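Chemist: Everything below, folded, please.
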Amino acid sequence: MSVKTGMTIPTNPSGFDPEELDEWFDSLDDLLHRHGRQDVQHLLTLLQERAYQLGVHMPFTANTPYINTIPLQDQAQHPGNRDIERRNKSIIRWNAMAMVVRANRDFHGLGGHISTYASCATLYEVGFNHFFHARTADHTGDLVYFQGHASPGIYARAFMEGRLTEQHLLNFRRELQPTGGLSSYPHPWLMPDFWQFPTVSMGLGPITAIYHARFLRYLEHRGLLDTSKSKVWAFLGDGEVDEPETLGAITLASRENLDNLIFVVNCNLQRLDGPVRGNGKIIQELEAAFRGAGWNVIKVIWGSTWDPILANDENGALVRRMGEVVDGQFQKYSTSSGEYIREHFFNTPELKKLVEHLSDAQLKKLRRGGHDPDKVYAAYKAATEQTGAPTVILAKTIKGYGLGEAGEGRNVAHNVKKANEQELREFRGRFGIPISDEDVEDIDFYKPSDEDFEMQYLQERRRKLGGYLPARNPVHEDLDIPTLEECLAFYSKRVAGREASTTGVFGRFLGDVLLRKESLSNRVVPIIPDEARTFGMEGLFKQRGIYASKGQLYEPVDRDQLMYYREARDGQILEEGINEAGALSSFIAAGTAYSNQHDSDVYLLFDVRLSASRRLDLGGGGFAGKGILARRHIRSHHAQRRRLAARRRAQSVGGHHRPELRRL
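Modeler: The predicted model follows:
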């Protein structure tokens, strides 16, 4: 009797006798039953190595079948009140939608986004109700990078929590109003008590989240702060992965074993103009990229309504069909009738038999995994329990979910800002919002009474998780910085009368003054993108050590020298290599420790060339980070040519450099 594994049974193109093949399958099932998955994995690895020795080379694939990573039998049980959570989520959906629609009714062209939060509401609400831990006296708090275009939903939840007023919602995208308002996107400068991280421009959130997770480990390994309970969550869209910064540093996360890092990719298959990968499968593409980089990948593709259908897929025909349909066609299914889905997706007699008991209306309601709280909860729980590697959750959703004809699953979904009265009434009916036709016409917000069970449940869940998020709570401390007399003494001793570059002087000041001042030395975080030797700062290698989470597993070639390359688990220097975007991300993580951790102001020093990392440089300001950014200007090729031409012209005038030409 074969054990059900939920995996696709492969076809048999090799000509093996079917009975012999069944015997192999039965043997594998028996091993799994008697020894468990870990031993079977080990056995298959040994067999693959043996086959390689015999000249049988297996084709490489980083993909698994196009089904949920977590089998139904391993799915953790959702612990909350599903009915209450759904009602609260529906109210938040309504208020998020009403905020944008009302703002654009009153102020034409104001903008905003409805469809992003509509697609990822479940992803956020499961987190808010069960996982996102606020900062408390005994917990350094989870850091959540919210997807920028989903901000209306975060505001709508804060309104339910009593943190924002109706007036705030009425002033969406008008944060400078005297009565208070809300910024378009997450931005600490514009809402300094609310947002922790700016995540627009897209791509900046993912890379800074990676380096923030690494910085938490840095603080812990140096003994400065116990951050072992904290997780870094980064929510991003599947279209956002085309930004180079999004995937550019994912190998750092696996190399550093950052199991405190969780990416949640909202795979609604759409970007602004159309499909993300119309002729491909973005979830499979991302699975290959992240698995290849060493991440733990959890796919949340199909909702619970698919479970009994997949259980009857004994020969894997349905799973193969799921894997061969491209994303552009799945987008078409999301806007089509059940009749169309039956005819075009379940396109063989064998597949049609699997759903013959379902009506067309039931086929239409088969949910994607990212809209199923049970599937999302199981994925989050597995991610938070993962050890040794970061996790990415690839959750399949529908853009504009719940918007109906106004934009659900349609190419125009991202740009939907308005809805007519009929569309609003359909939305109200679909999600059971208890408001009258007159309130629908006026696009009124809805908030239950504080005494209602829904509100008590919502508040209780946040109390158990330490408080509200997002919330920015800076910690201030007056540091004992070097006095003017100490700085002048350094100048007289090490600088006066000598020729030196400003960067070289800065390096000496760092080593001789800042790092030797007892009250300040541990707060200094030198971040160097592979140019310490250029500026004579290599003495810091031995003095303070280069941070390495694994310590130093080798003997450096210059070990017999005084200033050898010393790596240490408690090292103070962040040596980022030829990686200015990464160095700036570390700058942001360290420079915002005063507002994101219990740590007080972390004094930061940094050296980088002015280059293409400009977006992150500006992002450092958006994060409201503190620190010193010491830069070396690299003149552009054209600027150097202009200066060279000026010198030549000066030399042609009597062989002397004229001052006005030299200034050019």
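Chemist: would you list every one of the helices in the stretch 401-550 of the chain?
Modeler: For the stretch 401-550 of the chain, helices defined by DSSP state H, counting those that start in this stretch occupy the ranges 421-431, 437-442, 453-464, 484-494, 502-512, 539-544.
Chemist: was I right about G539 contacting Y564?
Modeler: No. Using CB atoms under 8 Å, G539 is not in contact with Y564, being 10.6 Å away. C-beta: built from backbone N, CA, C; applies to glycine.
Chemist: Ok, which of the helices of the stretch 401-550 of the chain comes nearest N257?
Modeler: Closest to N257 of the helices of the stretch 401-550 of the chain, according to CB to CB: helix 539-544, at 23.2 Å.
Chemist: helices or strands up against that closest one?
Modeler: The contact analysis (3 or more CB pairs under 8 Å, 6 or more residues apart in numbering; DSSP states H and E) places helix 539-544 against helix 502-512.
Chemist: Kindly recompute the last result at 6 Å.
Modeler: Counting contacts by 3 or more CB pairs under 6 Å, 6 or more residues apart in numbering; DSSP states H and E, helix 539-544 packs against no other helix or strand.
Chemist: what pLDDT, on average, does that helix get?
Modeler: What helix 539-544 shows for mean pLDDT is 91.
Chemist: Then stretch 206-220?
Modeler: For stretch 206-220, the per-residue pLDDT averages 97.
Chemist: Over to stretch 446-463?
Modeler: 96.
Chemist: just stretch 255-267 next, same as before
Modeler: The pLDDT scores in stretch 255-267 average 98.
Chemist: Give me the residue ranges of the chain where confidence is low.
Modeler: The model of the chain has pLDDT under 70 over residues 1-15, 406-407, 409, 411-417, 598-622, 630-664.
Chemist: Torsion angles phi and psi at the residue nearest the centre of it?
Modeler: When CA atoms, centre = their mean is applied to the chain, the residue found nearest the centroid is A234 (2.4 Å). Here is the backbone geometry of A234 (degrees, to the nearest 10): phi -120, psi 120.
Chemist: rewinding a little: would you turn the helices of the stretch 401-550 of the chain into JSON lines with mean neighbour count and distance to G280?
Modeler: Below are the helices of the stretch 401-550 of the chain laid out as JSON lines (neighbours: other CB atoms under 10 Å; distance: least, CB to CB, whole Å):
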{"stretch": "helix 421-431", "mean neighbour count": "16", "distance to G280": "31"}
{"stretch": "helix 437-442", "mean neighbour count": "13", "distance to G280": "40"}
{"stretch": "helix 453-464", "mean neighbour count": "16", "distance to G280": "39"}
{"stretch": "helix 484-494", "mean neighbour count": "12", "distance to G280": "59"}
{"stretch": "helix 502-512", "mean neighbour count": "18", "distance to G280": "47"}
{"stretch": "helix 539-544", "mean neighbour count": "18", "distance to G280": "46"}
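Chemist: Q73 versus the residue nearest to the centre of the chain, what's the distance?
Modeler: As for A234, its distance to Q73 is 30 Å (criterion: CB to CB, to the nearest Å).
Chemist: D238 now?
Modeler: With CB to CB as the criterion, D238 and Q73 are 29 Å apart.
Chemist: neighbour-wise, which of these two wins?
Modeler: Taking neighbours as other CB atoms under 10 Å, D238 and Q73 compare with D238 leading, 26 against 8.
Chemist: Identify the residues contacting that one.
Modeler: V265, C267, V276, I282 (CB atoms under 6 Å, 6 or more residues apart in numbering).
Chemist: try S501
Modeler: The contact partners of S501, by CB under 6 Å, 6+ apart, come to none.
Chemist: Would you map the helices across the stretch 1-150 of the chain?
Modeler: Assignment of helices within the stretch 1-150 of the chain using DSSP H, counting those that start in this stretch yields the ranges 18-35, 37-53, 82-106, 115-130.
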